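[1] Following is a predicted model, sequence given first.
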Amino acid sequence: QVQLVESGGGLVQAGGSLRLSCAASGRTFSTYAMAWFRQAPGKERQFVAAVSWRGGGGSTYYADSVKGRFTISRDNARNTVYLQMNSLKPEDTAVYYCAAHPFGVVFDPGSIEYWGQGTQVTVSS
């Protein structure tokens, strides 16, 4: 069982930055691929970014819409994954969810094993 707790959301102006954090419970954090998804009102949950488990070399993956602006990273010693979001746009406004899946990176939200409760990010124009 893995419990995920996100923090760092808030209100920011377009062009600004935020850093989301996700703290995970358990002693097997390094064996989980970690990801961020987001869900805007009236829309489906969508993939944002992922980082592979330690055996996968820590490879990172991004949705085209955030590539070059967002950076995902993980600190296995702290059981924490981060999402640095720069050059934010109003269309980035959504609830952001941290996700964990054993070993392999999963891009389909319907297949994710563990979810956090979500944190709201609002970007004003």
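    Now that the structure is in, tell me what you want to look at. This structure is a prediction, so every number in the text was calculated from the model and none was measured. Numbers count the residues shown, from 1 in each chain.
[2] Quick one: list the elements packing against the host helix or strand of residue 99.
    Taking DSSP states H and E as the definition, residue 99 sits inside strand 94-102. With contacts taken as 3 or more Cβ pairs under 8 Å, 6 or more residues apart in numbering; DSSP states H and E, strand 94-102 sits against strand 4-7, strand 18-24, strand 32-39, strand 114-115, strand 119-124. All C-beta spots, glycine's among them, are computed from the backbone N, C-alpha and C.
[3] how far is that strand from where the chain is centred?
    Computed by Cα atoms, centre = their mean, to the nearest Å, the chain-centroid distance of strand 94-102 equals 5 Å.
[4] Now that strand: buried residues?
    94-101 (16 or more other Cβ atoms under 10 Å).
[5] which residue packs closest to the residue nearest the centre of the chain, ignoring adjacent ones?
    Most central in the chain under Cα atoms, centre = their mean is residue 36, positioned 2.1 Å from the mean C-alpha point. Spatial nearest neighbour of residue 36, excluding adjacent residues (Cβ to Cβ, 6 or more residues apart in numbering): residue 48 at 4.4 Å.
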